[in-house]
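1. Give the three-dimensional model of this entry:
(one chain, ligands or ions: 1)
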Amino acid sequence: MSTPPAQPSHRQPLALVTGASQGIGAAVARALHAAGARVVVSARRLGPCESLAEELGEGAHALSLDVTDAVAVAALPARLEAEHGPLDWLVNNAGAATSAPLGKSDEALYQRLMELNFHAARRLAGAFLPGMRERDHGRIVAVASSAGLVGYPYVAAYCASKHALIGYTRAAAAETDKTGVGFGAVCPHYVDTPLLAASIDNLVAKTGKTRDEARAFFADQNPGGRLVAPAEVAAAVVELCQATGRGIVELDGGPARLVD
Ligand SMILES: NC(=O)c1ccc[n+]([C@@H]2O[C@H](COP(=O)([O-])OP(=O)(O)OC[C@H]3O[C@@H](n4cnc5c(N)ncnc54)[C@H](OP(=O)(O)O)[C@@H]3O)[C@@H](O)[C@H]2O)c1
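-> I've put the predicted structure just below:
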């Protein structure tokens, strides 16, 4: 008689976090590990992922992954399953923001941001979905942006890519409704990370504002009047993975809000 496979609830969940070498992704990896998950900490730069995995200790593993490498992504479910078992939670966090006025948003910028912020995330979801469906168990959570919900000036390519990610998440959530597989997304406004530090540098260079003034400018843009902390985004991701499983959560410096 063959032994039935272990039920996911009887073992520590396995999570993959993309773009976890710094910023929000690193905070998500920390929070998922603290919540009891085994975590694969991934990004293109292996060094920072290894440092974080070492800091977290047992159950944390580093992986070098460029999410735009479609061949590596297609091979990933089998690779992870062989090393760690089936994946329970996929967190599509890797992303980038580049600003440019409409007239200077060239073809290459649209292609690059659509590829990284949208196609890579939906390819990863597509790669892990068959296994999750077969087990009727899994969560696919995107770290999108408020730029996936509304439009902002000078970031048309970024907004378009994040709107695509939110559109995909909504459709996938509807299609997997009432199954054990859930799709969700977190949409933060400005978050205090290295990505924002680059925007602060940019504003300083363009306007002559001091760094403190530029930082205060971005904090004031958030409806809550302050920058969102990476740990708040991470807590919303953990909540989606562990409990609610579905929904679009907006974080604007005030209390987290379910918008869908
Ligand atoms: N900061 C904000 O204000 C803010 C607001 C709303 C939404 N977000 C979203 O939150 C996510 C994380 O942002 P963040 O602020 O933490 O940014 P960040 O500090 O710039 O970190 C971006 C992460 O993505 C990784 N990455 C970039 N390209 C990659 C690729 N091709 N393959 C794999 N990993 C890649 C980077 O690691 P490597 O360089 O090592 O690959 C890094 O770990 C992004 O999707 C961003 O759009 C940020």
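2. excluding its backbone neighbours, what's nearest residue 60?
-> Nearest non-adjacent residue to residue 60, counting by Cβ to Cβ, 6 or more residues apart in numbering: residue 53, 4.1 Å away. (Each C-beta comes from the backbone N, C-alpha and C, glycine too.)
3. Surely the one you found touches residue 61?
-> Yes. Between residue 53 and residue 61 there is a contact at 5.7 Å, judged by Cβ atoms under 8 Å.
4. Between the two, which contacts overlap?
-> Common contacts of residue 53 and residue 61 (Cβ atoms under 8 Å, 6 or more residues apart in numbering): 39, 41.
5. These two: who's more crowded?
-> Using other Cβ atoms under 10 Å, the more surrounded residue of residue 53 and residue 61 is residue 53, with 22 against 18.
6. any idea how far residue 46 is from the residue nearest to residue 60?
-> From residue 53 over to residue 46 the distance is 10 Å, taken as Cβ to Cβ, to the nearest Å.
7. shared neighbours, those two?
-> Joint contacts of residue 53 and residue 46 (Cβ under 8 Å, 6+ apart) are residue 62.
8. So the residue nearest to residue 60: helix, strand or coil?
-> Under the three-state scheme (DSSP: H, G, I helix; E, B strand; the rest coil), residue 53 adopts helix.
9. and it, how far is that from the ligand?
-> Note on residue 53: its distance to the ligand, by Cβ to the nearest ligand atom, to the nearest Å, is 13 Å.
10. ok, that residue - contacts?
-> Residues counted as contacts of residue 53 (Cβ under 8 Å, 6+ apart) are 39, 41, 60, 61, 62.
11. rerun at 10 Å
-> If you count contacts by Cβ atoms under 10 Å, 6 or more residues apart in numbering, residue 53 has them with 20, 29, 33, 39-42, 46, 59-63.
12. per-residue confidence at it?
-> Per-residue confidence at residue 53 stands at 98 (pLDDT).
13. And the one 5 residues further on, by the same measure?
-> The predicted local confidence for residue 58 comes out at a pLDDT of 97.
14. quick one, what contacts it?
-> Counting by Cβ under 10 Å, 6+ apart, residue 58 touches 12, 33, 38.
15. Can you pick out the ones from those that are in helices?
-> By the criterion of DSSP state H, membership of the contacts of residue 58 in helices covers residue 33.
16. quick one: which of the contacts of residue 58 is nearest the ligand?
-> Each of the contacts of residue 58 was checked against the ligand using Cβ to the nearest ligand atom; the closest is residue 33, at 16.2 Å.
17. now residue 92, nearest residue through space, not along the chain?
-> Nearest residue to residue 92 in three dimensions, chain neighbours excluded: residue 121, at 3.8 Å (Cβ to Cβ, 6+ apart).
18. Ok, residue 136 next?
-> residue 180 (3.8 Å).
19. need the contact list for that neighbour.
-> Applying Cβ under 10 Å, 6+ apart, one finds that residue 180 lies in contact with 8, 132, 133, 135, 136, 137, 138, 139, 245.
20. Point me to the residue sitting closest to the centre of the chain.
-> By Cα atoms, centre = their mean, the chain has its centre lying nearest to residue 93, at 1.9 Å.
21. Check the contact between it and residue 165; I expect there is one.
-> No. Contact between residue 93 and residue 165 fails when scored by Cβ atoms under 10 Å: they sit 11.2 Å apart.
22. For the residue in the stretch 51-200 of the chain positioned nearest to the ligand, list the residues it contacts.
-> Using Cβ to the nearest ligand atom, the closest approach of the stretch 51-200 of the chain to the ligand is made by residue 95 at 2.2 Å. The contact partners of residue 95, taken as Cβ under 10 Å, 6+ apart, are 18-19, 23-25, 67, 113, 116-118, 120-121, 142-145, 158, 161-162, 165, 195.
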